[in-house]
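Q: Predicted model and sequence below, questions to follow.
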Amino acid sequence: MKRGIVYFVGAGPGDKELLTIKGLNALREADVVVYDRLVNPVLLTETKESAKLIYCGKQPCKHTLRQEDIQKELLIHARKGKKVVRLKGGDPAVFGRVGEEAELLADNHVPYEIIPGITAGIAATMYAGVPITHREHSGSFAVVTGHTKTSDGKPDVKWKSLAESVSTIVFYMGVKHIRTIASELISNGKRADTPVMVSQWGTYSRQQTITGTLATIANLVEGQIQNPAIIVVGEVVKLRSKLNWFDNRMLHGKGILMPTSTIEEKEAAQHLRKLGADVYEHPKLTEYSTCLDNEVFEDIEHYEEIVFYSPKAVQTFLKEVGEREMDLRTLNACFYASNDETKTALRHAGHLVQEWVGIHEWKRALVIGSEIELDQSSPLQATKWVIAEKCVTNGEVTALSRLMEEGHVNTLIITSENEAQKLIAFFKLTGQSTAEWSNKLRVICMGPAASKRLAEIGLIADHVLDEESTTEEIALALAGNVVLAKGS
Ligand code: SAH
């Protein structure tokens with residue numbers, strides 16, 4: 001019998017790049033992923049297409065999966081021989097229940113491994129400009145839960161020893177009880193002017209931090225910050241005014257959906273990240289090569305035009321020709337390329353390429369490209385050879401809806417008509433509606449053609465930038481330095 005295994009993986013606090021390489025490898029190989037609410041949803045796109053994804057947060061019926069049910073899921077799938085990843089926010093051992101879950105597996109002789117992660121108390125603190133230890137200000141730190149309660153509803157903490165013996169104290173799950181936490185620390189010996197920081201959604205671009213003192217912090221955060229947030233108490237918090245490297249970046253607070261395909265688009269996404277935005281290269285469509293319909297080739301001599309939509313189309317065509325040991329000189333057709341990249345690919349293969357004359361001039365054409373490319377062209381008078389079909393994986397759909405649900409995104413950037421087309425295809429394939437998107441997202445489009453396409457699915461661009469805009473110009477528009485009327 002195949003033996004399954006469970007990997008407990010710490011996903012880190014938010015910034016997707018804070019996942020370990022070992023964790024990422026486990027995620028990529030997993031057959032089943034059981035994930036928590038605070039895990040960055042975009043990590044789910046790293047899973048295999050066939051992976052089963054199980055969410056432990058609020059279900060559509062508003063119930064949260066109970067701890068016993070989570071443990072049962074781990075056991076059931078591991079016993080079926082599956083590789084299971086239990087993906088947890090931060091580090092699995094810091095208020096992450098890995099002890100209980102691993103114990104159950106040990107009791108049932110199910111193999112497991114534990115892959116640590118970066119905990120919020122250390123990473124979110126540093127992203128807010130506060131090193132948790134410092135030679136002059138902090139020689140010790142403690143992580144404390146603000147959640148376990150005594151019978152009177154207050155956090156169950158030995159306040160006196162904590163206040164007297166630890167330099168920096170980090171409370172997890174404590175925002176609701178911040179008033180109690182501050183007053184207990186003061187009454188047990190901490191000075192009322194001890195610096196305090198509260199940081200929400202740490203390490204995401206939307207990270208928000210408020211600083212004060214034990215005396216003032218409860219009033220300052222009231223109504224301003226909810227979970228997930230950490231509370232950091234100690235002299236070291238003072239360093240934030242000097243070391244705050246993260247929040248000052250130009251695109252701080254921007255969560256961007258930006259479907260990308262070309263190298264330029266991917267570079268632009270990376271550049272916007274460097275300026276401080278979280279950029280999710282979504283929605284994503286995966287393409288699968290399709291089998292050749294033999295009739296297309298049987299008729300090959302009768303076509304007058306063969307039109308290639310991508311370098312991949314050129315390669316696929318030439319491969320088929322080679323396998324059939326066909327002499328291309330016997331063909332009557334002229335070759336056309338729909339864009340410069342494809343033209344170059346044809347020329348490199350030694351073929352003459354005709355100037356593009358437009359679809360209406362075709363007499364008997366064969367068009368070759370992926371489903372998305374051919375959707376966009378929609379030639380009427382042509383036979384289509386679809387070399388790859390589009391599909392959306394479970395991980396991609398789940399990631400996108402979780403990103404929207406958690407409010408991680410506030411902007412949509414569409415860089416070309418092709419990307420607009422991809423977005424439309426995504427909505428068609430998944431049956432989702434754009435209603436929610438129009439209200440929640442600021443839409444930035446490059447070029448009127450892209451914005452016209454978007455309008456087809458009811459998404460009206462807030463800004464239409466020039467098609468040739470540089471990444472700097474996009475960044476300026478994002479930062480709010482370009483004011484244009486909606487749909488202009
Ligand atoms: N295992 C996790 C903690 C789980 S308990 C870890 O090691 O980080 C959940 C609590 O962690 C939240 O209530 C909040 O206090 C804290 N937390 C998790 N992610 C956070 C983030 N990105 N920013 C601030 N606090 C976070």
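A: Yep, it's here. From a predicted model like this one, the values you see are computed outputs, not experimental measurements.

Q: so what's the residue of the chain found nearest the ligand up against?
A: Nearest residue of the chain to the ligand, counting by Cβ to the nearest ligand atom: Gly90, 1.9 Å away. Any C-beta I mention is one placed from the backbone N, CA and C, and that applies to glycine too. By Cβ atoms under 8 Å, 6 or more residues apart in numbering, the contact set of Gly90 is Gly10, Ala11, Gly12, Pro13, Leu38, Gly96, Gly117, Ile118, Thr119, Ala120, Gly121, Ala123.

Q: between those, which is nearest Asn108?
A: Taking Cβ to Cβ as the measure, Asn108 sits nearest to Gly96 out of the contacts of Gly90, at 20.0 Å.

Q: Against Arg191, how distant is that closest one?
A: Relative to Arg191, Gly96 is positioned 33 Å away (Cβ to Cβ, to the nearest Å).

Q: and those two? which has more neighbours close in?
A: The residue with more neighbours, out of Gly96 and Arg191, is Gly96; 20 against 13, by other Cβ atoms under 10 Å.

Q: what's the distance between that one and Asp15?
A: To Asp15, Gly96 is 18 Å away according to Cβ to Cβ.

Q: Ile368 now?
A: For Ile368, the distance to Asp15 equals 41 Å [Cβ to Cβ].

Q: more crowded one of these two?
A: Ile368 (26 against 20).

Q: Contact partners for the more buried one?
A: Per Cβ under 8 Å, 6+ apart, neighbours of Ile368: Ile306, Val307, Phe308, Tyr309, Ala313, Thr316, Phe317, Trp385, Ile387.

Q: State the number of residues packed around Glu113.
A: As a burial measure, Glu113 scores 12 neighbours (other Cβ under 10 Å).

Q: State the next helix or strand along the chain beyond the lowest-mean-pLDDT helix or strand in the chain.
A: Using mean pLDDT, DSSP states H and E, helix 371-377 stands out as the lowest-scoring helix or strand of the chain, at a mean of 75. Sequence-wise, the next helix or strand downstream of helix 371-377 (DSSP states H and E) is strand 382-386.

Q: residues in the stretch 1-150 of the chain within reach of the ligand, list them.
A: By Cβ under 6 Å from any ligand atom, the residues of the stretch 1-150 of the chain that approach the ligand are 13-14, 38, 88-91, 94-96, 119-120, 124.

Q: doesn't Gly369 make contact with Phe308?
A: Yes - using Cβ atoms under 8 Å, Phe308 is in contact with Gly369, at 7.1 Å.

Q: hey, what's in contact with both of those two?
A: Contact with both Phe308 and Gly369 is made by residues Ser338, according to Cβ under 8 Å, 6+ apart.

Q: How much space separates the residue sitting furthest away from the middle of the chain from Trp385?
A: Distance from the C-alpha centroid of the chain peaks at Thr330, with 49.9 Å (Cα atoms, centre = their mean). With the distance defined as Cβ to Cβ, Thr330 ends up 18 Å from Trp385.

Q: For Ile114, give me phi and psi.
A: Main-chain dihedrals, Ile114, degrees, to the nearest 10: phi -120, psi 120.

Q: quick one: contacts for it?
A: Contacts of Ile114 (Cβ under 8 Å, 6+ apart): Tyr7, Phe8, Pro92, Ala93, Val98, Ala102.

Q: Could you save those residues as JSON lines and add columns showing secondary structure and neighbour count?
A: JSON lines is the format used below for the contacts of Ile114 (DSSP: H, G, I helix; E, B strand; the rest coil; neighbours: other Cβ atoms under 10 Å):
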{"residue": "Tyr7", "secondary structure": "strand", "neighbour count": "23"}
{"residue": "Phe8", "secondary structure": "strand", "neighbour count": "28"}
{"residue": "Pro92", "secondary structure": "coil", "neighbour count": "27"}
{"residue": "Ala93", "secondary structure": "coil", "neighbour count": "17"}
{"residue": "Val98", "secondary structure": "helix", "neighbour count": "19"}
{"residue": "Ala102", "secondary structure": "helix", "neighbour count": "20"}
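
Q: For the residues you listed, which two are the farthest from each other?
A: Greatest spatial distance among these (Cβ to Cβ): Tyr7 and Ala93, at 14.0 Å.

Q: hmm, back to that, which residues does the residue of the chain closest to the ligand form a beta bridge with?
A: Gly12 (DSSP bridges).

Q: Show the model's pLDDT score for it.
A: pLDDT, Gly90: 98.

Q: And for Arg402?
A: Arg402 is assigned a predicted lDDT (pLDDT) of 93.

Q: could you check the distance from Ser469 over to Thr119?
A: According to Cβ to Cβ, Ser469 stands 40 Å off from Thr119.

Q: Pick out whichever of those two has more residues nearby.
A: Set Ser469 next to Thr119 and count neighbours by other Cβ under 10 Å: Thr119 wins out with 24 against 18.

Q: For that one, list the residues it contacts.
A: Taking Cβ under 8 Å, 6+ apart as the test, what Thr119 contacts is Gly10, Pro13, Gly90, Asp91, Val94, Val143.

Q: And the fifth one, how far from Pro131?
A: Going from Val94 to Pro131 by Cβ to Cβ gives 18 Å.

Q: swap in the last one?
A: Per Cβ to Cβ, Val143 is found 15 Å from Pro131.

Q: Next: the third one.
A: Using Cβ to Cβ, one obtains 18 Å as the distance from Gly90 to Pro131.

Q: Next, count neighbours for Ser205.
A: Ser205 is flanked by 25 other residues according to other Cβ under 10 Å.

Q: Other residues contacting the helix or strand Glu68 falls within?
A: Assessed by DSSP H and E, Glu68 sits inside helix 67-79. By Cβ under 8 Å, 6+ apart, the list of residues contacting helix 67-79 from outside reads 4-6, 31-32, 34, 52, 54, 56, 65, 84, 86, 97, 100-101, 104-105, 108, 110-112.

Q: try it again with 7 Å
A: When contacts are defined by Cβ atoms under 7 Å, 6 or more residues apart in numbering, helix 67-79 is touched by residues 4-6, 32, 34, 54, 56, 84, 86, 97, 101, 104-105, 108, 110.

Q: Stretch 211-225 too?
A: 175, 178-179, 182, 185-186, 190, 192-198, 200, 208, 210, 233, 237, 240.

Q: Apply the buried test to those and list what passes.
A: Buried members of the contacts of stretch 211-225, scored by 16 or more other Cβ atoms under 10 Å, are 175, 178, 182, 185-186, 190, 194-198, 200, 208, 210, 233, 237, 240.

Q: residues in contact with Leu366?
A: Leu366 makes contacts with Val296, Tyr303, Ile306, Ala382, Thr383, Trp385, as judged by Cβ under 7 Å, 6+ apart.

Q: follow-up on the earlier one: restricted to helices, list the contacts of Ile368.
A: Ala313, Thr316, Phe317 (DSSP state H).

Q: Would you mind giving those as CSV with neighbour count added?
A: Output for the ones in helices among the contacts of Ile368, formatted as CSV (neighbours: other Cβ atoms under 10 Å):
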residue, neighbour count
Ala313, 27
Thr316, 21
Phe317, 23
